[in-house]
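Visitor: sequence isn't available, so here's the structure alone:
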DNA sequence: CCGCCGTGTCGCAGTCGTGTCGCAGTCCCG
DNA sequence: CGGGACTGCGACACGACTGCGACACGGCGG
(Lines give C-alpha, C1' and ligand atoms only; values in the text may rest on other atoms or scores of the structure.)
Protein backbone atom coordinates (compact mmCIF):
# COMPACT_ATOMS: atom_id res chain seq x y z
CA UNK A 1 0.00 0.00 0.00
CA UNK A 2 1.52 3.24 -1.16
CA UNK A 3 0.48 6.66 -2.31
CA UNK A 4 1.13 7.03 -6.02
CA UNK A 5 0.94 10.05 -8.28
CA UNK A 6 -0.03 9.12 -11.82
CA UNK A 7 0.88 11.67 -14.49
CA UNK A 8 -0.83 10.77 -17.74
CA UNK A 9 -2.66 12.95 -20.25
CA UNK A 10 -4.86 10.36 -21.95
CA UNK A 11 -8.06 10.25 -19.87
CA UNK A 12 -8.84 6.65 -20.78
CA UNK A 13 -5.43 5.28 -19.88
CA UNK A 14 -5.38 7.45 -16.77
CA UNK A 15 -8.63 6.12 -15.39
CA UNK A 16 -7.80 2.55 -16.32
CA UNK A 17 -4.47 2.62 -14.52
CA UNK A 18 -5.92 4.47 -11.57
CA UNK A 19 -8.55 1.81 -11.15
CA UNK A 20 -6.08 -1.02 -11.58
CA UNK A 21 -3.60 0.40 -9.09
CA UNK A 22 -6.35 1.12 -6.61
CA UNK A 23 -7.37 -2.50 -6.82
CA UNK A 24 -3.83 -3.46 -5.95
CA UNK A 25 -4.18 -1.54 -2.74
CA UNK A 26 -2.53 1.75 -3.63
CA UNK A 27 -3.74 5.23 -3.03
CA UNK A 28 -3.72 6.94 -6.42
CA UNK A 29 -3.73 10.62 -7.22
CA UNK A 30 -3.65 11.83 -10.80
CA UNK A 31 -2.40 14.74 -12.85
CA UNK A 32 -3.01 15.58 -16.51
CA UNK A 33 0.20 17.34 -17.35
CA UNK A 34 3.74 17.82 -16.16
CA UNK A 35 2.99 21.19 -14.61
CA UNK A 36 -0.06 19.79 -12.89
CA UNK A 37 1.98 16.86 -11.60
CA UNK A 38 4.75 18.99 -10.18
CA UNK A 39 2.21 21.21 -8.47
CA UNK A 40 0.45 18.18 -7.04
CA UNK A 41 3.72 16.81 -5.81
CA UNK A 42 4.50 20.06 -4.08
CA UNK A 43 1.12 20.10 -2.38
CA UNK A 44 1.38 16.67 -0.81
CA UNK A 45 4.12 14.08 -0.69
CA UNK A 46 3.68 10.68 -2.24
CA UNK A 47 5.69 7.48 -2.31
CA UNK A 48 6.15 7.07 -6.04
CA UNK A 49 5.36 8.74 -9.36
CA UNK A 50 4.19 6.90 -12.46
CA UNK A 51 5.07 9.20 -15.32
CA UNK A 52 4.01 9.09 -18.94
CA UNK A 53 6.66 10.28 -21.36
CA UNK A 54 4.44 11.83 -23.99
CA UNK A 55 2.92 14.81 -22.29
CA UNK A 56 1.57 18.16 -23.46
CA UNK A 57 3.75 21.06 -22.33
CA UNK A 58 6.88 20.00 -20.44
CA UNK A 59 8.25 16.67 -21.64
CA UNK A 60 8.26 13.64 -19.38
CA UNK A 61 12.05 13.72 -19.26
CA UNK A 62 12.06 17.23 -17.95
CA UNK A 63 9.38 16.44 -15.37
CA UNK A 64 11.43 13.48 -14.23
CA UNK A 65 14.57 15.59 -13.85
CA UNK A 66 12.72 18.15 -11.79
CA UNK A 67 11.15 15.53 -9.57
CA UNK A 68 14.52 13.98 -8.87
CA UNK A 69 16.05 17.37 -8.31
CA UNK A 70 13.36 18.23 -5.78
CA UNK A 71 13.49 15.13 -3.65
CA UNK A 72 13.90 11.43 -3.37
CA UNK A 73 10.55 10.36 -4.77
CA UNK A 74 11.12 7.37 -7.07
CA UNK A 75 9.79 7.49 -10.64
CA UNK A 76 8.49 4.71 -12.87
CA UNK A 77 8.26 5.76 -16.50
CA UNK A 78 5.58 4.75 -18.93
CA UNK A 79 6.78 4.61 -22.52
CA UNK A 80 4.78 4.00 -25.67
CA UNK A 81 7.52 1.94 -27.33
CA UNK A 82 10.50 0.32 -25.80
CA UNK A 83 12.96 1.92 -28.20
CA UNK A 84 16.42 2.33 -26.78
CA UNK A 85 16.55 6.05 -26.98
CA UNK A 86 13.65 6.50 -24.59
CA UNK A 87 14.92 3.97 -22.13
CA UNK A 88 18.45 5.26 -21.93
CA UNK A 89 17.43 8.88 -21.78
CA UNK A 90 14.75 8.08 -19.24
CA UNK A 91 17.07 6.26 -16.93
CA UNK A 92 19.63 9.01 -17.30
CA UNK A 93 16.96 11.53 -16.35
CA UNK A 94 16.67 9.70 -13.05
CA UNK A 95 13.86 7.20 -13.60
CA UNK A 96 14.06 4.11 -11.42
CA UNK A 97 12.33 1.79 -13.82
CA UNK A 98 10.16 1.83 -16.90
CA UNK A 99 7.21 -0.09 -18.25
CA UNK A 100 6.21 -0.32 -21.89
CA UNK A 101 2.65 0.55 -22.85
CA UNK A 102 0.18 -0.98 -23.09
CA UNK A 103 1.02 -1.88 -19.50
CA UNK A 104 -0.32 -4.96 -17.83
CA UNK A 105 -1.56 -3.72 -14.45
CA UNK A 106 0.00 -6.69 -12.72
CA UNK A 107 3.38 -6.00 -14.26
CA UNK A 108 3.17 -2.33 -13.42
CA UNK A 109 2.23 -3.14 -9.86
CA UNK A 110 5.10 -5.60 -9.58
CA UNK A 111 7.56 -2.98 -10.87
CA UNK A 112 6.16 -0.41 -8.49
CA UNK A 113 6.56 -2.70 -5.53
CA UNK A 114 10.06 -3.61 -6.61
CA UNK A 115 11.06 0.04 -6.93
CA UNK A 116 9.46 0.92 -3.61
CA UNK A 117 11.25 -1.94 -1.98
CA UNK A 118 14.73 -1.01 -3.14
CA UNK A 119 14.41 2.75 -3.02
CA UNK A 120 12.62 2.80 0.30
CA UNK A 121 14.20 0.12 2.42
CA UNK A 122 12.93 1.94 5.47
CA UNK A 123 10.14 -0.22 6.77
CA UNK A 124 7.79 0.93 9.40
CA UNK A 125 7.09 4.20 7.67
CA UNK A 126 3.47 5.19 7.57
CA UNK A 127 2.44 7.88 5.12
CA UNK A 128 -1.01 9.41 5.17
CA UNK A 129 -1.48 12.45 3.00
CA UNK A 130 1.16 14.96 3.94
CA UNK A 131 1.94 13.21 7.19
CA UNK A 132 4.84 10.81 7.39
CA UNK A 133 5.43 8.73 10.48
CA UNK A 134 8.66 6.78 10.81
CA UNK A 135 8.02 4.20 13.48
CA UNK A 136 11.66 3.23 13.65
CA UNK A 137 13.35 6.61 13.73
CA UNK A 138 10.37 7.94 15.70
CA UNK A 139 10.18 11.04 13.58
CA UNK A 140 7.16 12.76 12.12
CA UNK A 141 7.18 15.12 9.17
CA UNK A 142 4.37 17.19 7.74
CA UNK A 143 4.83 18.04 4.06
CA UNK A 144 8.51 17.34 4.54
CA UNK A 145 8.93 19.63 7.52
CA UNK A 146 9.82 17.91 10.77
CA UNK A 147 7.29 18.12 13.57
CA UNK A 148 8.45 18.17 17.17
CA UNK A 149 6.22 15.92 19.25
CA UNK A 150 6.50 15.18 22.93
CA UNK A 151 6.81 11.55 23.98
CA UNK A 152 3.18 11.24 24.97
CA UNK A 153 1.94 12.89 21.80
CA UNK A 154 4.12 10.55 19.77
CA UNK A 155 2.88 7.44 21.55
CA UNK A 156 -0.66 8.60 20.97
CA UNK A 157 -0.04 9.14 17.28
CA UNK A 158 1.72 5.80 16.90
CA UNK A 159 -1.09 3.97 18.62
CA UNK A 160 -3.80 5.60 16.54
CA UNK A 161 -1.95 5.23 13.25
CA UNK A 162 -1.27 1.57 13.89
CA UNK A 163 -4.85 0.89 12.88
CA UNK A 164 -6.04 3.64 10.58
CA UNK A 165 -9.78 3.94 10.46
CA UNK A 166 -10.36 2.06 13.66
CA UNK A 167 -11.99 3.89 16.52
CA UNK A 168 -10.18 3.82 19.84
CA UNK A 169 -12.14 4.55 22.99
CA UNK A 170 -10.63 6.85 25.60
CA UNK A 171 -10.35 3.84 27.82
CA UNK A 172 -8.31 1.92 25.27
CA UNK A 173 -6.05 4.87 24.66
CA UNK A 174 -5.42 5.34 28.35
CA UNK A 175 -4.41 1.73 28.63
CA UNK A 176 -2.24 1.63 25.53
CA UNK A 177 -0.65 5.04 25.61
CA UNK A 178 -0.48 5.85 29.31
CA UNK A 179 -0.54 2.36 30.71
CA UNK A 180 -2.22 3.49 33.86
CA UNK A 181 -5.03 1.57 35.26
CA UNK A 182 -7.02 4.72 34.83
CA UNK A 183 -8.76 5.63 38.01
CA UNK A 184 -11.46 8.24 37.75
CA UNK A 185 -12.74 9.33 34.41
CA UNK A 186 -10.45 11.96 33.12
CA UNK A 187 -10.22 14.19 30.14
CA UNK A 188 -6.55 13.58 29.74
CA UNK A 189 -6.95 12.02 26.34
CA UNK A 190 -8.93 14.94 24.97
CA UNK A 191 -6.21 17.24 26.11
CA UNK A 192 -3.41 15.30 24.50
CA UNK A 193 -5.36 14.96 21.27
CA UNK A 194 -5.86 18.68 21.31
CA UNK A 195 -2.12 19.27 21.70
CA UNK A 196 -1.32 16.78 18.98
CA UNK A 197 -3.78 18.39 16.62
CA UNK A 198 -2.28 21.80 17.22
CA UNK A 199 0.95 20.41 15.77
CA UNK A 200 -0.14 18.25 12.86
CA UNK A 201 -3.49 19.56 11.74
CA UNK A 202 -3.64 22.48 9.36
CA UNK A 203 -7.31 23.24 9.72
CA UNK A 204 -8.18 22.33 13.25
CA UNK A 205 -11.84 22.92 12.61
CA UNK A 206 -11.78 19.99 10.20
CA UNK A 207 -9.07 17.61 11.40
CA UNK A 208 -7.55 15.49 8.67
CA UNK A 209 -5.65 12.94 10.70
CA UNK A 210 -7.08 12.65 14.17
CA UNK A 211 -10.83 12.67 14.09
CA UNK A 212 -13.20 12.58 16.97
CA UNK A 213 -16.07 10.15 16.94
CA UNK A 214 -18.55 11.67 19.29
CA UNK A 215 -19.60 9.38 22.06
CA UNK A 216 -16.97 6.77 21.26
CA UNK A 217 -13.47 8.12 21.01
CA UNK A 218 -10.93 9.00 18.36
CA UNK A 219 -9.86 7.63 15.03
CA UNK A 220 -6.87 8.12 12.78
CA UNK A 221 -7.16 8.72 9.09
CA UNK A 222 -9.82 8.72 6.44
CA UNK A 223 -13.40 9.32 7.33
CA UNK B 1 -6.35 -11.44 16.09
CA UNK B 2 -6.01 -13.68 13.06
CA UNK B 3 -5.32 -17.30 12.25
CA UNK B 4 -2.14 -17.66 10.25
CA UNK B 5 -0.66 -20.63 8.48
CA UNK B 6 3.13 -20.50 8.41
CA UNK B 7 4.79 -22.62 5.73
CA UNK B 8 8.52 -22.79 6.41
CA UNK B 9 10.89 -25.72 6.27
CA UNK B 10 13.66 -24.47 8.53
CA UNK B 11 12.68 -25.60 12.06
CA UNK B 12 14.54 -22.74 13.74
CA UNK B 13 13.01 -19.98 11.66
CA UNK B 14 9.64 -21.65 11.90
CA UNK B 15 9.58 -21.74 15.68
CA UNK B 16 10.97 -18.25 15.95
CA UNK B 17 8.34 -16.75 13.72
CA UNK B 18 5.61 -18.80 15.32
CA UNK B 19 6.55 -17.49 18.72
CA UNK B 20 6.85 -13.90 17.51
CA UNK B 21 3.53 -13.92 15.70
CA UNK B 22 1.84 -15.52 18.67
CA UNK B 23 3.12 -12.70 20.82
CA UNK B 24 1.53 -10.26 18.42
CA UNK B 25 -1.79 -11.86 19.11
CA UNK B 26 -2.16 -14.23 16.17
CA UNK B 27 -3.14 -17.84 16.17
CA UNK B 28 -0.35 -19.66 14.33
CA UNK B 29 -0.39 -23.06 12.67
CA UNK B 30 2.65 -24.41 10.86
CA UNK B 31 3.55 -26.62 7.97
CA UNK B 32 6.96 -27.93 6.88
CA UNK B 33 6.41 -28.20 3.16
CA UNK B 34 4.18 -27.03 0.35
CA UNK B 35 2.25 -30.27 0.27
CA UNK B 36 1.83 -30.17 4.01
CA UNK B 37 0.64 -26.57 3.82
CA UNK B 38 -1.94 -27.19 1.13
CA UNK B 39 -3.24 -30.16 3.06
CA UNK B 40 -3.41 -28.09 6.22
CA UNK B 41 -5.24 -25.34 4.37
CA UNK B 42 -7.75 -27.81 3.04
CA UNK B 43 -8.34 -29.21 6.51
CA UNK B 44 -9.11 -25.93 8.22
CA UNK B 45 -9.44 -22.39 6.92
CA UNK B 46 -7.14 -19.62 8.02
CA UNK B 47 -7.02 -15.87 7.48
CA UNK B 48 -3.59 -15.58 5.91
CA UNK B 49 -0.64 -17.67 4.78
CA UNK B 50 2.99 -16.76 5.39
CA UNK B 51 4.90 -18.68 2.75
CA UNK B 52 8.60 -19.29 2.42
CA UNK B 53 9.81 -19.40 -1.17
CA UNK B 54 12.55 -21.97 -0.77
CA UNK B 55 10.77 -25.16 0.05
CA UNK B 56 11.53 -28.85 -0.45
CA UNK B 57 9.22 -30.44 -3.01
CA UNK B 58 6.83 -28.02 -4.67
CA UNK B 59 8.24 -24.52 -5.02
CA UNK B 60 6.80 -21.59 -3.11
CA UNK B 61 5.56 -20.04 -6.34
CA UNK B 62 3.57 -23.11 -7.21
CA UNK B 63 2.13 -23.31 -3.70
CA UNK B 64 1.12 -19.66 -3.96
CA UNK B 65 -0.59 -20.21 -7.29
CA UNK B 66 -2.53 -23.16 -5.92
CA UNK B 67 -3.58 -21.29 -2.83
CA UNK B 68 -4.88 -18.40 -4.90
CA UNK B 69 -6.55 -20.77 -7.30
CA UNK B 70 -8.30 -22.50 -4.42
CA UNK B 71 -9.67 -19.47 -2.68
CA UNK B 72 -9.14 -15.94 -1.57
CA UNK B 73 -6.76 -16.50 1.29
CA UNK B 74 -4.12 -13.77 1.14
CA UNK B 75 -0.45 -14.73 0.98
CA UNK B 76 2.61 -12.98 2.35
CA UNK B 77 5.83 -14.31 0.85
CA UNK B 78 9.07 -14.76 2.66
CA UNK B 79 12.05 -14.37 0.35
CA UNK B 80 15.71 -14.85 1.08
CA UNK B 81 16.78 -11.98 -1.18
CA UNK B 82 14.78 -9.16 -2.61
CA UNK B 83 16.01 -9.64 -6.15
CA UNK B 84 13.58 -8.47 -8.77
CA UNK B 85 12.99 -11.86 -10.28
CA UNK B 86 11.58 -13.22 -7.06
CA UNK B 87 9.48 -10.18 -6.40
CA UNK B 88 7.90 -9.92 -9.82
CA UNK B 89 7.31 -13.62 -10.18
CA UNK B 90 6.00 -13.81 -6.64
CA UNK B 91 3.55 -11.00 -7.07
CA UNK B 92 2.47 -12.40 -10.40
CA UNK B 93 1.87 -15.73 -8.75
CA UNK B 94 -0.68 -13.94 -6.60
CA UNK B 95 1.19 -12.96 -3.46
CA UNK B 96 -0.23 -9.94 -1.68
CA UNK B 97 3.03 -8.81 -0.18
CA UNK B 98 6.47 -10.07 0.57
CA UNK B 99 9.04 -9.69 3.32
CA UNK B 100 12.75 -10.20 2.93
CA UNK B 101 14.51 -12.56 5.31
CA UNK B 102 15.78 -12.30 7.91
CA UNK B 103 12.39 -10.88 8.85
CA UNK B 104 11.90 -8.52 11.74
CA UNK B 105 8.87 -9.86 13.58
CA UNK B 106 7.48 -6.35 13.93
CA UNK B 107 7.82 -5.72 10.21
CA UNK B 108 6.25 -9.03 9.34
CA UNK B 109 3.40 -8.33 11.70
CA UNK B 110 2.87 -4.90 10.19
CA UNK B 111 2.76 -6.36 6.69
CA UNK B 112 0.35 -9.05 7.82
CA UNK B 113 -1.97 -6.51 9.36
CA UNK B 114 -1.81 -4.32 6.27
CA UNK B 115 -2.64 -7.23 3.98
CA UNK B 116 -5.44 -8.39 6.22
CA UNK B 117 -6.85 -4.89 6.34
CA UNK B 118 -6.98 -4.40 2.60
CA UNK B 119 -7.69 -7.91 1.39
CA UNK B 120 -10.26 -8.74 4.01
CA UNK B 121 -12.44 -5.72 4.47
CA UNK B 122 -15.12 -8.24 5.26
CA UNK B 123 -13.87 -8.33 8.81
CA UNK B 124 -16.07 -6.29 11.05
CA UNK B 125 -18.02 -4.99 8.09
CA UNK B 126 -21.66 -5.86 7.69
CA UNK B 127 -23.33 -5.30 4.35
CA UNK B 128 -27.08 -5.54 3.90
CA UNK B 129 -28.41 -4.27 0.58
CA UNK B 130 -27.17 -0.74 0.10
CA UNK B 131 -26.26 -0.40 3.74
CA UNK B 132 -22.70 -0.93 4.88
CA UNK B 133 -21.80 -0.96 8.55
CA UNK B 134 -18.15 -0.89 9.58
CA UNK B 135 -18.00 -2.01 13.18
CA UNK B 136 -14.37 -0.95 13.61
CA UNK B 137 -14.34 2.43 11.98
CA UNK B 138 -17.87 2.95 13.28
CA UNK B 139 -19.02 4.32 9.97
CA UNK B 140 -22.19 3.68 8.03
CA UNK B 141 -22.65 4.26 4.32
CA UNK B 142 -25.80 4.04 2.25
CA UNK B 143 -25.14 3.33 -1.43
CA UNK B 144 -21.63 4.60 -0.88
CA UNK B 145 -22.63 7.86 0.71
CA UNK B 146 -21.61 8.29 4.33
CA UNK B 147 -24.43 8.58 6.84
CA UNK B 148 -23.94 10.67 9.96
CA UNK B 149 -25.38 8.83 12.93
CA UNK B 150 -25.42 9.94 16.53
CA UNK B 151 -23.86 7.64 19.13
CA UNK B 152 -27.18 6.26 20.30
CA UNK B 153 -28.46 5.70 16.81
CA UNK B 154 -25.22 3.92 15.96
CA UNK B 155 -25.36 1.71 19.03
CA UNK B 156 -28.93 0.85 18.18
CA UNK B 157 -28.03 -0.07 14.63
CA UNK B 158 -25.02 -2.10 15.75
CA UNK B 159 -27.12 -4.01 18.24
CA UNK B 160 -29.91 -4.77 15.80
CA UNK B 161 -27.59 -5.68 12.94
CA UNK B 162 -25.64 -8.05 15.16
CA UNK B 163 -28.50 -10.49 14.83
CA UNK B 164 -30.34 -9.86 11.58
CA UNK B 165 -33.83 -11.24 11.55
CA UNK B 166 -34.09 -11.51 15.30
CA UNK B 167 -36.72 -9.47 17.07
CA UNK B 168 -35.54 -7.30 19.94
CA UNK B 169 -38.07 -6.14 22.51
CA UNK B 170 -37.95 -2.54 23.67
CA UNK B 171 -36.85 -3.83 27.03
CA UNK B 172 -33.87 -5.67 25.53
CA UNK B 173 -32.88 -2.68 23.48
CA UNK B 174 -33.03 -0.39 26.51
CA UNK B 175 -30.70 -2.69 28.37
CA UNK B 176 -28.24 -3.26 25.55
CA UNK B 177 -28.17 0.14 23.93
CA UNK B 178 -28.89 2.48 26.83
CA UNK B 179 -27.61 0.37 29.65
CA UNK B 180 -29.86 1.99 32.15
CA UNK B 181 -31.99 -0.01 34.38
CA UNK B 182 -34.93 1.45 32.62
CA UNK B 183 -37.43 2.77 35.06
CA UNK B 184 -40.86 3.59 33.75
CA UNK B 185 -41.89 2.34 30.37
CA UNK B 186 -40.90 4.95 27.89
CA UNK B 187 -41.14 5.46 24.22
CA UNK B 188 -37.50 6.30 23.93
CA UNK B 189 -36.76 3.38 21.68
CA UNK B 190 -39.51 4.28 19.25
CA UNK B 191 -38.10 7.73 19.04
CA UNK B 192 -34.59 6.61 18.33
CA UNK B 193 -35.74 4.10 15.76
CA UNK B 194 -37.62 6.90 14.09
CA UNK B 195 -34.52 9.06 13.97
CA UNK B 196 -32.46 6.19 12.66
CA UNK B 197 -34.97 5.43 9.95
CA UNK B 198 -35.04 9.03 8.84
CA UNK B 199 -31.35 8.64 8.05
CA UNK B 200 -31.04 5.20 6.50
CA UNK B 201 -34.44 4.34 5.07
CA UNK B 202 -35.35 5.57 1.63
CA UNK B 203 -39.05 4.81 1.77
CA UNK B 204 -40.02 5.25 5.36
CA UNK B 205 -43.48 3.88 4.72
CA UNK B 206 -41.91 0.51 3.91
CA UNK B 207 -38.71 0.29 5.97
CA UNK B 208 -36.06 -1.93 4.46
CA UNK B 209 -33.64 -2.27 7.34
CA UNK B 210 -35.35 -1.58 10.64
CA UNK B 211 -38.77 -3.13 10.77
CA UNK B 212 -41.32 -2.92 13.50
CA UNK B 213 -42.97 -6.04 14.81
CA UNK B 214 -46.16 -4.75 16.28
CA UNK B 215 -46.64 -5.67 19.89
CA UNK B 216 -43.11 -7.04 20.25
CA UNK B 217 -40.38 -4.69 19.15
CA UNK B 218 -38.03 -4.20 16.24
CA UNK B 219 -36.04 -6.34 13.88
CA UNK B 220 -33.17 -5.70 11.51
CA UNK B 221 -33.03 -6.90 7.97
CA UNK B 222 -35.08 -8.89 5.52
CA UNK B 223 -38.56 -9.94 6.51
C1' DC C 1 19.69 26.71 42.71
C1' DC C 2 16.91 28.31 39.08
C1' DG C 3 14.33 27.89 34.86
C1' DC C 4 12.26 25.32 31.21
C1' DC C 5 9.49 21.77 29.28
C1' DG C 6 6.23 18.15 29.59
C1' DT C 7 2.19 16.63 31.81
C1' DG C 8 -2.06 16.36 34.34
C1' DT C 9 -6.12 19.10 36.25
C1' DC C 10 -9.64 22.49 36.15
C1' DG C 11 -13.16 25.48 34.32
C1' DC C 12 -15.74 27.73 30.74
C1' DA C 13 -18.35 27.91 26.57
C1' DG C 14 -20.47 26.28 22.47
C1' DT C 15 -22.49 22.60 20.14
C1' DC C 16 -24.96 18.74 19.48
C1' DG C 17 -27.40 14.79 21.21
C1' DT C 18 -31.11 13.09 23.90
C1' DG C 19 -35.28 12.35 26.54
C1' DT C 20 -40.00 13.91 27.13
C1' DC C 21 -44.41 15.38 25.51
C1' DG C 22 -48.33 15.65 22.57
C1' DC C 23 -50.85 14.73 18.52
C1' DA C 24 -52.19 12.14 14.60
C1' DG C 25 -52.45 8.05 11.95
C1' DT C 26 -52.87 2.98 11.87
C1' DC C 27 -53.92 -1.55 13.23
C1' DC C 28 -56.38 -4.93 15.95
C1' DC C 29 -60.30 -6.64 18.18
C1' DG C 30 -64.68 -6.64 20.02
C1' DC D 1 -68.22 -0.14 12.54
C1' DG D 2 -66.26 2.02 16.68
C1' DG D 3 -63.03 2.16 20.48
C1' DG D 4 -58.61 1.35 22.35
C1' DA D 5 -53.91 0.30 21.99
C1' DC D 6 -49.83 0.98 19.53
C1' DT D 7 -46.66 3.47 16.67
C1' DG D 8 -44.91 7.36 13.57
C1' DC D 9 -43.45 11.98 13.88
C1' DG D 10 -42.47 16.75 14.92
C1' DA D 11 -41.05 20.16 18.65
C1' DC D 12 -38.48 21.65 22.55
C1' DA D 13 -35.55 22.20 26.56
C1' DC D 14 -32.18 20.16 29.38
C1' DG D 15 -27.89 18.02 29.68
C1' DA D 16 -23.78 15.65 28.06
C1' DC D 17 -19.71 15.95 25.44
C1' DT D 18 -15.91 18.07 23.45
C1' DG D 19 -12.74 21.96 22.13
C1' DC D 20 -9.79 25.08 24.23
C1' DG D 21 -7.30 28.12 27.17
C1' DA D 22 -5.06 28.60 31.79
C1' DC D 23 -2.50 26.97 35.57
C1' DA D 24 0.18 24.09 38.83
C1' DC D 25 3.28 20.44 39.72
C1' DG D 26 7.47 17.83 38.97
C1' DG D 27 11.61 16.34 36.63
C1' DC D 28 15.69 17.40 34.24
C1' DG D 29 19.37 20.02 32.70
C1' DG D 30 22.03 24.26 32.76
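Guide: Cool, the structure landed. All values derive from a computational prediction rather than experimental measurement.

Visitor: and the next helix or strand past the helix or strand of chain A with the lowest mean pLDDT?
Guide: Each helix and strand of chain A was given a mean pLDDT (mean pLDDT, DSSP states H and E); the minimum falls on helix A:84-92 at a mean of 65. As assigned by DSSP states H and E, the chain's next helix or strand after helix A:84-92 is strand A:97-100.

Visitor: and that next one, what other elements does it pack with?
Guide: strand A:75-79, helix A:84-92, helix A:105-119 (3 or more Cβ pairs under 8 Å, 6 or more residues apart in numbering or on different chains; DSSP states H and E). (C-beta placed from N, C-alpha, C; glycine too.)

Visitor: and the angle from the last one to strand A:75-79?
Guide: Here helix A:105-119 points in a direction 150 degrees away from that of strand A:75-79 (axes from the mean of the first three to the mean of the last three Cα atoms, to 10 degrees).

Visitor: now helix A:105-119: buried residues?
Guide: A:108, A:109, A:110, A:111, A:112, A:113, A:114, A:115, A:116, A:117, A:119 (16 or more other Cβ atoms under 10 Å in any protein chain shown).

Visitor: quick one: low-confidence parts of chain A?
Guide: Scanning chain A for pLDDT under 70 picks out A:1, A:43-45, A:70-71, A:81-89, A:91, A:103, A:117-124, A:180-185, A:222-223.

Visitor: one more time with 50, if that's ok
Guide: A:121 (pLDDT under 50).

Visitor: now the helices for it?
Guide: Counting by DSSP state H, chain A has helices at residues A:11-23, A:34-43, A:60-70, A:84-92, A:105-119, A:151-162, A:170-173, A:188-200.

Visitor: can you get me a residue count around the closest residue to residue A:94 other than its chain neighbours?
Guide: Excluding the flanking residues, the one nearest residue A:94 by Cβ to Cβ, 6 or more residues apart in numbering or on different chains is residue A:68, at 3.5 Å. Per other Cβ atoms under 10 Å in any protein chain shown, the neighbour tally for residue A:68 reads 17.

Visitor: cool, residue A:96 as well?
Guide: Neighbour number of residue A:96 under other Cβ under 10 Å is 22.

Visitor: so it is in contact with residue A:115, correct?
Guide: Yes - the pair formed by residue A:96 and residue A:115 meets the contact definition of Cβ atoms under 8 Å, at 4.7 Å.

Visitor: report the set of residues contacting both of those two.
Guide: Shared contacts of residue A:96 and residue A:115 (Cβ atoms under 8 Å, 6 or more residues apart in numbering or on different chains): A:74, A:76.

Visitor: residue A:145 bridge partners, please.
Guide: residue A:142 (DSSP bridges).

Visitor: for the residue of chain A at minimum distance from DNA strand C, grab the count of nearby residues.
Guide: At 2.9 Å from DNA strand C, residue A:150 is the closest residue in chain A, using Cβ to the nearest atom of the strand. The burial count assigned to residue A:150 is 12, neighbours taken as other Cβ under 10 Å.

Visitor: domains of chain A?
Guide: Following automatic domain parsing, chain A resolves into domains at A:3-119, A:125-220.

Visitor: residue B:49 is nearest to which of the ones you listed?
Guide: domain A:3-119 (17.2 Å; Cβ to Cβ).

Visitor: count of residues packed around residue A:97?
Guide: Neighbours of residue A:97 under the rule other Cβ under 10 Å: 19.

Visitor: residue numbers of chain A in contact with DNA strand C?
Guide: Contacts of chain A with DNA strand C, taken as Cβ under 7 Å from any atom of the strand, map to A:148, A:150-153, A:178, A:184, A:186-188, A:191-192, A:195, A:214-215.

Visitor: are any of the residues you listed buried, and if so which?
Guide: A:153, A:178, A:188, A:192.

Visitor: I'd guessed residue A:138 sits against residue A:151; true?
Guide: No - assessed by Cβ under 8 Å, residue A:138 is found out of contact with residue A:151, at 9.3 Å.

Visitor: picking up where we left off before, distance to residue B:58 added to the buried residues of helix A:105-119, as TSV?
Guide: Shown next, in TSV, are the buried residues of helix A:105-119 (distance: Cβ to Cβ, whole Å):
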residue	distance to residue B:58
A:108	28
A:109	25
A:110	22
A:111	27
A:112	28
A:113	24
A:114	25
A:115	30
A:116	29
A:117	25
A:119	33
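
Visitor: show me what contacts the residue in chain A positioned nearest to DNA strand D?
Guide: Relative to DNA strand D, the nearest point of chain A is residue A:212 (3.3 Å; Cβ to the nearest atom of the strand). Applying Cβ under 8 Å, 6+ apart to residue A:212 gives the contacts A:193, A:218, A:219.

Visitor: how about the residues of chain A by DNA strand D?
Guide: So far as Cβ under 7 Å from any atom of the strand goes, chain A lies against DNA strand D at A:187, A:190-191, A:193-194, A:197-198, A:204-205, A:212, A:214-217.

Visitor: nearest to residue A:162 among those?
Guide: The shortest approach to residue A:162 among the residues of chain A next to DNA strand D belongs to residue A:217, at 14.5 Å (Cβ to Cβ).

Visitor: the closest residue to that closest one other than its chain neighbours: how many residues sit nearby?
Guide: In space, and not counting its chain neighbours, residue A:217 is closest to residue A:169: 4.1 Å by Cβ to Cβ, 6+ apart. Neighbours of residue A:169 under the rule other Cβ under 10 Å: 14.

Visitor: measure residue A:169 to residue A:189 for me?
Guide: According to Cβ to Cβ, to the nearest Å, residue A:169 and residue A:189 sit 9 Å apart.

Visitor: looking at chain A, which residue is nearest chain B?
Guide: As assessed by Cβ to the nearest Cβ, chain B sits closest to residue A:215 within chain A, at 2.7 Å.

Visitor: so what's that residue up against?
Guide: Per Cβ under 8 Å, 6+ apart, neighbours of residue A:215: B:150, B:151, B:152, B:154.
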